[in-house]
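**Q** Here's a sequence, model it:
(one chain, ligands or ions: 2)
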Amino acid sequence: MTRTKIAVIGGSGLYDIDGLQDARWTEVKTPWGAPSDALLTGVLDGVDMVFLPRHGRGHVHSPSTVPYRANIDALKRLGCTDVVSVSACGSFREDMAPGDFVLVDQFIDRTFAREKSFFGTGCVAHVSVAHPTCPRLTEACYKAATDAGISVHQGGTYLAMEGPQFSTLAESRMYRESWGADVIGMTNMPEAKLAREAELCYASVAMITDYDSWHPDHGEVDVPEIIRTLTGNADKGRDLVRRLPALLGAERNPCPHGCDRALEFAILTAPEARDADMVGKLDAVAGRVLT
Ligand SMILES: CSC[C@H]1O[C@H](OP(=O)(O)O)[C@H](O)[C@@H]1O
Ligand SMILES: Nc1ncnc2[nH]cnc12
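**A** Ligands and ions are numbered 1, 2, ... in the order given. As a prediction, the model looks like this:
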């Protein structure tokens with residue numbers, strides 16, 4: 001058994017969480033640069049918690065410039081075991097309505113202007129992301145959502161687009177009709193891939209704010225529409241987060257799905273061929289298997 005430490009990455013509209021005991025904002029330095037903001041640490045129902053606003057307080061970082069590697073490294077460095085991403089998203093499904101939550105279990109990664117791995121020349125690794133979210137952590141989020149009376153859908157495919165502009169109508173129709181995506185957002189990739197590389201359990205709570213641009217009865221998506229829905233969603237998101245410590249408990253068994261052992265057989269570079277600087281930068285993320 002190890003101690004649980006739950007990280008929450010708050011997306012658009014969720015820039016802090018309440019109710020933490022011993023709450024304080026902590027600056028964390030990483031080999032990948034500065035995280036999006038300081039990290040809020042504290043204890044909730046006897047469980048250690050860390051909160052990080054993905055875009056920074058005041059919404060400073062765009063989806064393309066969020067320092068995803070620094071964020072995940074900082075969470076790992078602080079000893080987090082589980083990462084719950086809370087994000088605003090558009091919906092491609094009539095029955096997944098604005099105000100509903102979706103517990104994402106698959107992604108289509110259409111992002112192209114971001115650093116997507118901690119590994120590279122001098123230390124090459126290939127982890128599996130066939131199942132990119134952790135079923136155990138996702139199940140706890142589902143229970144927390146239903147207990148909170150949130151209308152929640154179990155499972156869904158999240159199309160991660162580069163942005164920052166919203167999709168064209170042709171793209172929206174293609175993602176929905178040909179690609180089978182359920183929701184769309186701009187931030188969960190490469191975040192989910194990096195969490196897997198860092199051997200962190202990752203769950204994605206997608207809070208629907210709009211029908212993107214495909215829906216004949218709704219106009220094209222814009223920020224005022226999103227903000228109208230976001231305020232209510234953020235309160236529900238906070239409610240969900242408040243319920244997680246009691247559901248997960250202060251002590252945890254190893255992940256039954258292997259998220260916390262993802263690097264076990266992933267590193268291909270021979271020990272004698274590894275680049276020392278690269279290995280040094282991987283101290284938090286891959287120290288378990290590199291030292
Ligand atoms: C608020 S409009 C679009 C913006 O909102 C989402 O951010 P996040 O995933 O951090 O909640 C979406 O991905 C875009 O970045
Ligand atoms: N329709 C949409 N497309 C991309 N990101 C979003 N975030 C919220 N709504 C979105």
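
**Q** contacts and neighbour counts: CA atoms only from here.
**A** Fine.

**Q** And the residue lying closest to Arg110 once chain neighbours are set aside, how far from Met1?
**A** Distances taken as CA to CA, 6 or more residues apart in numbering place Met161 nearest to Arg110, at 5.0 Å, with adjacent residues excluded. Per CA to CA, to the nearest Å, Met161 is found 38 Å from Met1.

**Q** Among the two, which residue is more densely surrounded?
**A** Met161 (22 against 8; other CA atoms under 10 Å).

**Q** pretty sure that one is touching Arg114, no?
**A** No. With contact defined as CA atoms under 8 Å, Met161 does not reach Arg114; the gap is 11.3 Å.

**Q** Distance check, Leu268 against ligand 2.
**A** With distances taken as CA to the nearest ligand atom, to the nearest Å, Leu268 is found 36 Å from ligand 2.

**Q** so that residue sits right up against Thr121, yeah?
**A** No. Assessed by CA under 8 Å, Leu268 is found out of contact with Thr121, at 11.1 Å.

**Q** Now do Pro22: how many residues are near it, please.
**A** Rather than Pro, residue 22 is Asp. Number of residues near Asp22 (other CA under 10 Å) recorded here: 10.

**Q** Around ligand 1, which positions in the stretch 101-250 of the chain sit nearby?
**A** Contact residues (CA under 6 Å from any ligand atom) of the stretch 101-250 of the chain with ligand 1: 185-187, 223.

**Q** Which residues are in contact with the nearest residue to Val104 once chain neighbours are set aside?
**A** Counting by CA to CA, 6+ apart, Gly156 is the residue found nearest to Val104 once chain neighbours are left out, at 4.6 Å. Residues in contact with Gly156, defined by CA atoms under 8 Å, 6 or more residues apart in numbering, are 102-106, 181-183.

**Q** residues contacting the residue of the stretch 101-250 of the chain found nearest ligand 1?
**A** Scanning the stretch 101-250 of the chain for the residue nearest ligand 1 gives Met186, at 3.4 Å (criterion: CA to the nearest ligand atom). Shown in contact with Met186 (CA under 8 Å, 6+ apart): 63, 111, 160-164.

**Q** Distance of it relative to Gly258?
**A** 27 Å.

**Q** Any chance of a markdown table for the contacts of Gly156, columns neighbour count?
**A** Converted to a markdown table, the contacts of Gly156 look like this (neighbours: other CA atoms under 10 Å):
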| residue | neighbour count |
| --- | --- |
| Val102 | 28 |
| Leu103 | 24 |
| Val104 | 22 |
| Asp105 | 19 |
| Gln106 | 19 |
| Ala181 | 22 |
| Asp182 | 24 |
| Val183 | 28 |
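
**Q** what's the most distant pair in those residues?
**A** Leu103 and Ala181 (13.3 Å; CA to CA).

**Q** Tell me what Lys5 is bridged to.
**A** Beta-bridge partners for Lys5, by DSSP bridges, are Asp48.

**Q** OK, contacts around it?
**A** 47-50, 79-82, 250.

**Q** and with 7 Å instead?
**A** Contact analysis of Lys5 by CA atoms under 7 Å, 6 or more residues apart in numbering lists 47-49, 79-82.

**Q** Just name the closest of these to ligand 2, please.
**A** Asp82 (23.4 Å).

**Q** pretty sure the closest one is touching Ala198, no?
**A** No. If you go by CA atoms under 7 Å, Asp82 and Ala198 don't touch, sitting 10.8 Å apart.

**Q** Those two - which one has more neighbours?
**A** Ala198 (30 against 27).

**Q** list the contacts for the more buried one?
**A** Going by CA under 7 Å, 6+ apart, Ala198 touches 76, 285-286.

**Q** Highest neighbour count among those?
**A** Val285 (27 neighbours).

**Q** Setting aside sequence neighbours, what's the nearest residue to that residue?
**A** Ala198 is the one closest to Val285 (CA to CA, 6+ apart), at 4.7 Å.

**Q** how much space between the one you found and Asp277?
**A** 18 Å.
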